[in-house]
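> I'll drop the sequence and a predicted model, then ask my questions.
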Amino acid sequence: MRISPILIGVAIISLAVAVIFTINSGAYKGLNSIMSAAQTSDSDIKSGPKVVGSHTPGYPITTTPGIILDPLQTAVDMNPANAVVDPMKYLREFNYGKVSKLSDGKTLREFTLVASDNLVKEISPGVFYNVWTFNGTVPGPTIRATEGDTVRINFINNGSMPHSLHLHGVHPANMDGVFEMISPGGEFTYEFTAEPFGVFPYHCHMTPLEEHIAHGLYGVFIVDPKTARPPADEMVMVMNGYDTDFDTENNFYTVNGVPYYYMHHPVQIQKDKLVRIYLVNMLEFDPVNNFHLHANMFNYYPSGTRLQPDELTDIVTTNQGERGILEFTYKYPGKYMFHAHKTEFAEKGWMGTFLVTEGNESNISNQTNGNSFYDSLNNSFVGKSPKTNGGQL
């Protein structure tokens with residue numbers, strides 16, 4: 001039997017239409033399923049406080065189905081034995097070394113710095129990271145001398161790989177910490193005259209350099225001028241970050257080691273009293289970092305190597321290794337923010353607050369035992385950090 005070509009064509013067209021209809025029906029069903037799921041998910045989001053993220057109290061709160069590690073909404077008090085550093089203690093702690101006099105009458109300041117690379121410390125609540133440290137903390141201790149002093153640093157490598165100590169400033173070539181590789185278990189003594197006056201970073205200089213710095217092998221070296229600067233409430237702030245998933249992009253940003261710490265524990269200062277901050281940028285992977293002071297201006301001394309400020313400003317931007325001195329006073333009491341004026345850095349932990357008082361309040365900022373928690377939402381101190389299930393406090 002011979003089939004007409006016309007009938008064959010009609011049959012093919014009909015089959016094609018049927019297939020298309022079936023596919024489209026399935027697609028629409030699939031799309032409807034997706035839309036339905038999306039609507040259900042959106043409903044769930046609106047009906048319950050699953051996870052809440054925020055910029056800072058006073059800013060819009062956004063509800064999201066994503067998982068956000070937001071230390072602003074959780075306790076930042078950590079077991080001191082596990083924490084990478086005690087930020088409040090570190091803030092105003094200066095190590096002047098063991099002091100003695102040499103035969104020529106010069107002052108000798110002797111320090112010991114021990115490098116390690118096997119510690120696992122808590123850098124944010126519940127987040128543990130393999131930190132490489134000087135004397136067990138990130139940042140390492142702030143060492144301090146006066147211009148003209150002889151500085152002797154006994155360096156010990158307790159790590160599993162070569163390390164060294166490189167200090168910025170002026171010193172002989174064989175004291176530069178670049179070419180001499182201190183093997184695991186090794187020791188080396190760095191000795192030089194402290195000059196010029198200013199604020200300087202120190203760090204390991206072994207390759208790969210970015211790895212040694214990113215893990216935490218750095219600290220601050222302050223050289224005071226022979227004629228002392230005016231009295232002030234002095235503090236050190238080191239800007240840093242942590243790449244916890246090893247993709248050369250930081251997941252956390254901090255000042256003094258712990259994200260958001262000074263949001264929960266404001267730095268208490270007195271109204272009309274001079275504040276002096278030694279600011280150092282040791283952030284790896286990002287080209288620049290910065291510091292912004294709210295509702296005020298500061299005199300800025302780049303590198304701290306001059307006694308006259310270069311500018312009066314409320315923000316300073318620095319590259320890695322750059323540093324400076326900030327001086328300011330607050331004329332009104334209250335709570336004021338300071339933070340990176342790079343939104344990503346601020347929202348990933350690099351923000352804090354000053355609590356300016358009339359001067360007769362107890363110095364709450366020096367309490368480092370975790371008992372004093374500042375409830376940013378209720379603008380008051382409470383006995384302990386509030387508990388939260390991830391929703392808005």
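In hand now; what should we look at? For clarity, every value in this text was computed on a predicted model and none was experimentally measured. Numbers count the residues shown, from 1 in each chain.
> which residues of the stretch 51-200 of the chain score low on pLDDT?
Where the stretch 51-200 of the chain drops to pLDDT under 70, the residues are 51-77.
> list the helices and strands the longest strand along the chain packs on?
When the chain is parsed with DSSP state E, its longest strand is strand 107-124. Judged by 3 or more CB pairs under 8 Å, 6 or more residues apart in numbering; DSSP states H and E, strand 107-124 is in contact with strand 98-101, strand 127-134, strand 143-146, strand 150-157, strand 252-255. Where C-beta positions appear, they are placed from N, C-alpha and C, glycine not excepted.
> go again using 10 Å as the cut-off
strand 98-101, strand 127-134, strand 143-146, strand 150-157, strand 187-193, helix 209-214, strand 233-242, strand 252-255 (3 or more CB pairs under 10 Å, 6 or more residues apart in numbering; DSSP states H and E).
> Now do the buried residues in that strand.
Neighbour-count burial for strand 107-124 flags 107-109, 111-117, 119, 121-124 (criterion: 16 or more other CB atoms under 10 Å).
> roughly how far apart are residue 172 and residue 195?
Distance, residue 172 to residue 195, by CB to CB, to the nearest Å: 12 Å.
> Sorry, wrong one. I was asking about residue 298.
26 Å.
> which one of these two has more residues nearby?
Remark: of residue 298 and residue 195, residue 298 carries more neighbours, 25 against 15, as counted by other CB atoms under 10 Å.
> Now do the same contact list for the residue nearest to that one when sequence neighbours are not counted.
Sequence neighbours aside, residue 328 is the residue nearest to residue 298 in space, at 3.9 Å (criterion: CB to CB, 6 or more residues apart in numbering). Applying CB atoms under 10 Å, 6 or more residues apart in numbering to residue 328 gives the contacts 232, 269, 274-277, 293, 296-300, 312, 314, 354.
> Tell me the one among these nearest to residue 150.
Each of the contacts of residue 328 was scored against residue 150 by CB to CB, and residue 276 proved nearest at 25.3 Å.
> ok, now which ones touch that closest one?
By CB under 10 Å, 6+ apart, the residues touching residue 276 are 229-236, 298-299, 301, 304, 325-328.
> of those residues, buried ones?
Counted by 16+ other CB under 10 Å, those give 229, 234, 235, 236, 298, 299, 301, 304, 325, 326, 327, 328 as buried.
> which two in these are spaced the farthest apart?
Maximum pairwise distance among these (CB to CB): 17.5 Å, between 236 and 299.
> And the contacts of stretch 174-187?
112, 114-115, 117, 151, 153-168, 171, 173, 188-192, 202-207.
> which of those count as buried?
112, 114-115, 117, 151, 153, 155-159, 161-168, 171, 188, 190, 192, 202-206.
> what about residue 279, helix or strand, and which?
Using DSSP states H and E, residue 279 maps to strand 275-281.
> Could you spell out the sheet neighbours of that strand, each with its direction?
strand 233-242 (parallel), strand 323-328 (antiparallel) (DSSP bridges).
> CA atoms only for the longest one - export them in CSV, please.
Same thing as strand 233-242. Taking Å, rounded to 0.1, in the frame of the first residue of the first chain, the C-alpha atoms of strand 233-242 are listed here in CSV:
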residue,chain,number,x,y,z
ASP,A,233,45.8,58.1,76.0
GLU,A,234,47.9,55.9,73.7
MET,A,235,46.8,52.8,71.8
VAL,A,236,47.8,50.6,69.0
MET,A,237,45.5,49.5,66.1
VAL,A,238,46.7,47.0,63.6
MET,A,239,44.4,46.5,60.5
ASN,A,240,44.5,42.9,59.3
GLY,A,241,42.4,40.1,57.7
TYR,A,242,42.0,36.4,57.6
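> Leaving out sequence neighbours, find the closest residue to residue 218.
That would be residue 203: by CB to CB, 6+ apart, it lies 3.9 Å from residue 218.
> Contact partners for the one you found?
By CB under 10 Å, 6+ apart, the residues touching residue 203 are 134, 139-140, 164-168, 177, 209, 212-213, 216-219, 282, 320-321.
> ChimeraX command for the buried members of those residues?
A single ChimeraX command selects the buried members of the contacts of residue 203 (16+ other CB under 10 Å):
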select :134,139,140,164,165,166,167,168,177,212,213,216,217,218,219,282,320
